[in-house]
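Novice: Have a look at this prediction, sequence included:
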Amino acid sequence: MARIDGKRVAFLLTDGFEDSELTSPWEAAIDAGAVATLIAPDGGEVTGKNGHTQAVDLTADAADAADFDALVLPGGVVNADHLRMDQDAVAFARGFFEQHKPVAVICHGGWILTEADVVRDRRMTSYPSLATDLRNAGASWVDEEVVVDAGLVSSRTPDDLPAFNAKLVEEIAEGAHADQTA
């Protein structure tokens, strides 16, 4: 696996996230040398749908995409639905596209990207129930384990985590992508 020593990776989520969609990519990023930061709309800690808790490092209103090299968006229906209604979280996510930085999204995490209006003309996948939402937002949705489109990595479910983790580390190692735009 590629090395991403010293790269700063933001994980944006809130309560109700899919536990393994945080813990597995977090571990992959750390194991590859990255510095991971958990960002959420509110301080304190977040709790996954299966009980994993983790401390929030920074709130979305205080976070700036310029301070990070990449963004990871875990899924979970409750998490994704709440994030897309938080304007600071949406603006933070959009900032990565504006700065051409890698973004990795899995499962229901794609909802925030539809709200940020950054999926138009992008090829991506997600949990199948988001297919219509992503198509309506202009994406070309496909049912594949992992899809990479100019720095945007997407996967469907926790079953896809090994492929997702490998591609997210690879894209972070590559750095900025000129075609990764908002």
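Specialist: Now that the structure is in, tell me what you want to look at. Residues are numbered from 1 along each chain as shown.
Novice: Now do the contacts for the residue nearest to the spatial centre of the chain.
Specialist: Note on the chain: the residue nearest the mean C-alpha position is Leu73, at 2.1 Å, using CA atoms, centre = their mean. Applying CB atoms under 8 Å, 6 or more residues apart in numbering, we find Leu73 in contact with 11-13, 80, 83, 93, 103-106, 109-110, 112-113. (Each C-beta comes from the backbone N, C-alpha and C, glycine too.)
Novice: okay if I get those residues as TSV plus neighbour count, pLDDT and distance to Ile39?
Specialist: Compiled in TSV, the contacts of Leu73 are given as follows (neighbours: other CB atoms under 10 Å; pLDDT from 0 to 100; distance: CB to CB, whole Å):
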residue	neighbour count	pLDDT	distance to Ile39
Phe11	25	98	7
Leu12	30	98	5
Leu13	29	98	8
Ala80	29	96	15
Leu83	29	97	10
Ala93	29	98	10
Val103	27	98	13
Ala104	29	98	14
Val105	29	98	15
Ile106	32	98	16
Gly109	30	96	13
Gly110	28	96	18
Ile112	27	97	12
Leu113	30	97	16
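Novice: mind giving me TSV with those residues and columns for distance to Gly48 and secondary structure?
Specialist: Shown next, in TSV, are these (distance: CB to CB, whole Å; DSSP: H, G, I helix; E, B strand; the rest coil):
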residue	distance to Gly48	secondary structure
Phe11	12	strand
Leu12	14	strand
Leu13	9	coil
Ala80	13	helix
Leu83	14	helix
Ala93	19	helix
Val103	21	strand
Ala104	18	strand
Val105	17	strand
Ile106	14	strand
Gly109	13	helix
Gly110	18	helix
Ile112	17	helix
Leu113	21	helix
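Novice: Spell out, range by range, the helices that occur in the protein.
Specialist: For the chain, the helices defined by DSSP state H cover 19-31, 77-83, 87-98, 110-115, 131-136, 161-174.
Novice: Nearest to Leu38 among those helices would be which one?
Specialist: Closest to Leu38 of those is helix 19-31 (CB to CB; 8.0 Å).
Novice: Show me what that closest one is packed against.
Specialist: The helices and strands touching helix 19-31, judged by 3 or more CB pairs under 8 Å, 6 or more residues apart in numbering; DSSP states H and E, are strand 8-12, strand 35-40, strand 70-73, strand 103-106, helix 161-174.
Novice: Most tightly packed of those?
Specialist: strand 103-106 (a mean of 29; mean count of other CB atoms under 10 Å).
Novice: Can you name every helix or strand that that strand contacts?
Specialist: Using 3+ CB pairs under 8 Å, 6+ apart, strand 103-106 is in contact with helix 19-31, strand 70-73, helix 87-98, helix 110-115, strand 152-155, helix 161-174.
Novice: Return the residues in contact with Leu134.
Specialist: 110, 114, 119, 124, 126, 141.
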